[in-house]
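Participant: compute the structure for the input listed below.
(one chain, ligands or ions: 1)
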Amino acid sequence: MNQRRFREREERRTVGIKQWSLSIRFLVAVRVRPHRADEGPRIVHVVSDKMLVLEEEADSRRDVLRQRRLNDKHYVYDKVFGENSTQEEVYDAVCAPLVGDTLKGFAGAVFAYGATGAGKTYTMTGLMSRALSHLFAGIAASEQPDSFEVKMSYLEIYNENIRDLLNPGPPLELRDEGGSGAPVVAGLSELRANSAAHVAELLARGDRARTAEPTHANQHSSRGHALLSVTVSQQVEDVTQRGRLFLIDLAGSERAGLRARRLEGAHINRSLLALGNCIMALSGGARYVNYRDSKLTRLLREVLGGRCRTAMVAHVSAGGVHRDTTRSTLHYAQRAASITNRVERELVSTPMHLSQYRTVIGELREEISRLKVKMKDDRTSEPDEFQIQNQRVTKEDSTEKVNKEDNAENAAHLKSLREAIVSTFKQQMRLRRRLMELDSHLLGLSLDAERQHAAISHWEARFNRLYKPINLPGSRLSTQQSYRGGTGLSSSSSERAEAEVAVEQAWAELAGVEREQEAARAERERVERQLEQVRLRGAQLEQELPATISSGPEREVLALVCRVHELEADKLALQGERAARAHELRRRDLALQRRDAQRRLSDEIITRQRRALQEIGVGVPPELAQLYELYQQEIHASTYTESNDIYTPPYRLPPISTSLSELTWSESSSGSGRGSSSGSGGTLLDYRLPPLAPTPRPRTRYSQGSATTLKRYASDESLVTAAHRRDPAAP
Ligand SMILES: Nc1ncnc2c1ncn2[C@@H]1O[C@H](COP(=O)(O)OP(=O)(O)OP(=O)(O)O)[C@@H](O)[C@H]1O
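Facilitator: Now for the predicted structure:
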């Protein structure tokens, strides 16, 4: 392709680039795969290039959890590609801007997300070949095509094992290079690509080596994440500029339903969850992002955490049989998209005092440059006011020559002093930043450790009987051994295998985290000592100032430099506070997530209990009905406060008024009602519901029927369930 054609094409592509506004670092697009006749009615409708509608079930009255989803849902993204979209359109809007970035020495990434058979591989195949042709065309059209070198590697992560797709063999090890360096896949082949045709051949070879199996939705389903990495190096004078493009075809996001696939599914879900967490943390401006949770995120640390642009193309099928997976994909994508927008809001709400500091620092810097310019002018032209006054008091008989020599000597001394002070300031700033980074890293590591402990506790709780016999608190190894050696587990062997993998990984991660904590603490101490030395040196230099400086503007410049330094230090201190606050918020977020999970379970319990009662024709005692109603009001009240009505979490308890009238236990039928209620205990047991609230509140506190008292307990699920449990037995 010659230069003119390349430019024409580039101009066309700028449309896509413009759509990708600079404020969006993370672009979220959705592509709808063409509908097939065997997939049920079409339920996904593309309304515009940014919006689509998901039709919900028309008749869901029998499923109360779904009643709130009766209305069709609208979803908005940065870009929506309909069923007739072409590979070229997707490429131009999503990938072309990143290829432009790669040629300029930046990194970029595109992820294909979605359930099995939704079209991820189809899209990525199109993007991969186009991206590489575009790269080679860009290089050929450049001024110095020979200064470029293109290398590619292609790997697969399957069951947390890394495989080289260009040179298949045993699993490869992912090694942390230490510090903040990107991890390296030991032994991964990185081949030099000479042309688009050569690349096509390499890609085809890699695709053949991918792990694939037929699934219910796709005869040729890729079971692992495939990651193509293209590195473009350019020699610019004596510097090598390096751009990188990652194109990632993620494994299907659906839950592995088949038992045989449970482990595979656990690994897929784990890495997709880790990826989602990283994207959310990054989009939310978090200072610490946990990449350690999966190999996928560890490998993508460079691209996710750097200042590069990333795109996610979520894929959905238009047919009704895929409704659940489609909904879940749309939610995942919407969550990422909505959080991206929140970044802008957070920037606006930067604390006022911090922005004031910035303004003052900016003003001071302006002042410094003004004075510097002035000083330069003064030295080369007229003497300044200070010098004029100096000259006036200087004795008439002093020779001009002596003055000049003195001035030159003074100026040289001042220059070296100023340089020394500025250099110590810079050193101090660098060390302070490093300290902050280390603090933030340590905070993140403690969160990381907490998460791993939580994961271990989860499995411990689930396999309680396994842990009980050997209870040696404080000794991690022995707990682990007790886990391995334990018996009496009632779960299936695949569950046991899943737990074993998860617990082992959690312990390994924890050991890694602890090692990293130790190293970070040691480094922190070292940096602190260095900082103290530099600060002492700075103070000594500052002490020299009044004695040696005779020029007013010079002194002023140095005083201002000192002031800037102080303010910078204050700014860093504030940023540190902010990081600590952000850490606290993340901790609370975790707690909220747990509360949410508990609430969802409570909703589920209540719904099932009601369904069970309805099925056996048992009424609900009036006070319990009232509690239901209050619970429902509480849920509605919290839903109201949500500004984004488009995305409503699917687990809210639906309105119950209609069904309530059928269920309400009437006073006239109280005797039989109570009798049936006690019968319902057996039915509930048949459903194998877990034990209800452990500590029922005294009945008198809610049986009085007072609205205010009831309101106080309305959001307390344990009370609702406790009420339910106690009522059948009530006299
Ligand atoms: N936009 C599209 N236009 C035409 N056909 C498509 C499109 N997207 C997907 N297909 C076809 O649908 C089938 C499934 O697509 P694909 O293999 O890309 O799904 P996938 O999401 O990668 O699935 P898996 O996760 O199981 O690998 C393929 O036969 C593919 O050719």
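
Participant: in a helix, residue 232, correct?
Facilitator: No - Residue 232 sits outside any helix when classified using DSSP: H, G, I helix; E, B strand; the rest coil, being strand.

Participant: how about the closest residue to it other than its chain neighbours, secondary structure?
Facilitator: Counting by Cβ to Cβ, 6 or more residues apart in numbering, the nearest residue to residue 232 once its immediate chain neighbours are dropped is residue 243, at 4.6 Å. For the C-beta atoms, the positions are set from N, CA and C on the backbone; glycine is no exception. In three-state terms, and counting by three-state DSSP, residue 243 is strand.

Participant: before we move on, what about the one 10 residues further on?
Facilitator: Per three-state DSSP, the local secondary structure of residue 253 is coil.

Participant: mean confidence score for stretch 155-169?
Facilitator: Across stretch 155-169, pLDDT averages out at 89.

Participant: which helix or strand contains residue 534?
Facilitator: helix 493-548 (DSSP states H and E).

Participant: what helices or strands is that helix leaning on?
Facilitator: If contacts are counted by 3 or more Cβ pairs under 8 Å, 6 or more residues apart in numbering; DSSP states H and E, helix 493-548 sits against helix 262-283, helix 400-462, helix 476-485, helix 552-615.

Participant: buried residues in the helix or strand containing residue 316, which are they?
Facilitator: In the assignment (DSSP H and E), residue 316 maps to strand 309-317. Within strand 309-317, the residues scored as buried using 16 or more other Cβ atoms under 10 Å are 309, 310, 311, 312, 313, 314, 315, 316, 317.

Participant: any residues touching stretch 143-156, and which ones?
Facilitator: By Cβ atoms under 8 Å, 6 or more residues apart in numbering, the residues outside stretch 143-156 that reach it are 132, 135-136, 139, 142, 162-166, 172, 185, 188-194, 199, 202-203, 206, 209-211, 224-236.

Participant: recalculate using a threshold of 7 Å.
Facilitator: 135, 139, 162-166, 185, 188-193, 199, 202, 206, 210-211, 224-235 (Cβ atoms under 7 Å, 6 or more residues apart in numbering).

Participant: quick one: contacts for the residue in the stretch 301-450 of the chain that the ligand sits nearest to?
Facilitator: Going by Cβ to the nearest ligand atom, the ligand is nearest to residue 315 of the stretch 301-450 of the chain, at 5.6 Å. By Cβ under 7 Å, 6+ apart, residue 315 lies in contact with 31, 33, 112, 113, 114, 118, 119, 120, 123.

Participant: ok, which of these also contact the ligand?
Facilitator: 33, 114, 118, 119, 120 (Cβ under 6 Å from any ligand atom).

Participant: where does the last one land on pLDDT?
Facilitator: It stands for residue 120. 93.

Participant: for it, which non-adjacent residue is spatially closest?
Facilitator: residue 112 (3.8 Å).

Participant: what about that neighbour, which SS state?
Facilitator: strand.

Participant: isn't it up against residue 252?
Facilitator: No - at 10.6 Å, residue 112 does not count as touching residue 252 under the criterion of Cβ atoms under 7 Å.

Participant: what residues does the protein put near the ligand?
Facilitator: Contact residues (Cβ under 6 Å from any ligand atom) of the chain with the ligand: 33-34, 114, 116-122, 215, 218, 221-222, 252, 315.

Participant: so which of the residues you listed wins on neighbours?
Facilitator: residue 114 (31 neighbours; other Cβ atoms under 10 Å).

Participant: and the helices and strands packed on helix 493-548, which one's lowest on average pLDDT?
Facilitator: For those, the bottom mean pLDDT is recorded on helix 476-485, which sits at a mean of 38.

Participant: ok, how many other residues are close to the nearest residue in space to residue 517 that is not next to it in sequence?
Facilitator: Take residue 517 and drop its neighbours on the chain: the residue closest to it by Cβ to Cβ, 6+ apart is residue 445, 5.1 Å away. Using other Cβ under 10 Å, residue 445 has 21 other residues around it.

Participant: contact partners for residue 445?
Facilitator: Contacts of residue 445 (Cβ under 7 Å, 6+ apart): 513, 516, 517, 520.

Participant: excluding sequence neighbours, find me the nearest residue to residue 104.
Facilitator: In space, and not counting its chain neighbours, residue 104 is closest to residue 243: 6.5 Å by Cβ to Cβ, 6+ apart.

Participant: who touches the closest residue to residue 528 other than its chain neighbours in this structure?
Facilitator: Nearest non-adjacent residue to residue 528, counting by Cβ to Cβ, 6+ apart: residue 435, 6.8 Å away. For residue 435, the contacting residues are 524, 527, 528, 531, by Cβ under 7 Å, 6+ apart.

Participant: quick one, grab the pLDDT at the second one.
Facilitator: What the model reports as pLDDT for residue 527 is 89.

Participant: among the ones next to the ligand among the contacts of residue 315, which lie within helices?
Facilitator: Mapping those onto helices (DSSP state H) picks out residue 120.

Participant: re earlier: can you tell me which of the contacts of stretch 143-156 end up in helices?
Facilitator: Per DSSP H, the subset of those in helices is 135, 139, 199, 202, 206.

Participant: residue 81 reaches residue 31, doesn't it?
Facilitator: Yes - assessed by Cβ under 7 Å, residue 81 is found in contact with residue 31 at 4.2 Å.

Participant: what touches both of those two?
Facilitator: Shared contacts of residue 81 and residue 31, counting by Cβ under 7 Å, 6+ apart, come down to residue 90.

Participant: and the residue nearest to residue 232, how far from the ligand?
Facilitator: Relative to the ligand, residue 243 is positioned 27 Å away (Cβ to the nearest ligand atom, to the nearest Å).

Participant: one more: residue 452?
Facilitator: Distance from residue 452 to the ligand, by Cβ to the nearest ligand atom: 29 Å.

Participant: and that residue, what does it touch?
Facilitator: Residue 452 makes contacts with 506, 509, 510, 513, as judged by Cβ under 7 Å, 6+ apart.

Participant: next: residue 49.
Facilitator: By Cβ under 7 Å, 6+ apart, the residues touching residue 49 are 79, 80.

Participant: just to be sure, it is in a helix?
Facilitator: No - looking at residue 49 with three-state DSSP, it is coil, so not inside a helix.

Participant: quick revisit: neighbour count added to the contacts of residue 445, as CSV?
Facilitator: As requested, the contacts of residue 445 are exported to CSV (neighbours: other Cβ atoms under 10 Å):
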residue, neighbour count
513, 21
516, 19
517, 16
520, 17
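
Participant: nearest to residue 421, of these?
Facilitator: Residue 421 has its nearest neighbour among the contacts of residue 445 in residue 520, at 30.7 Å by Cβ to Cβ.

Participant: PyMOL command for the buried members of the contacts of stretch 143-156?
Facilitator: Typed into PyMOL, the line below selects the buried ones among the contacts of stretch 143-156, using 16+ other Cβ under 10 Å:
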select buried, resi 135+139+162+163+164+165+166+185+188+189+191+193+199+202+206+210+211+224+225+226+227+228+229+230+231+232+234
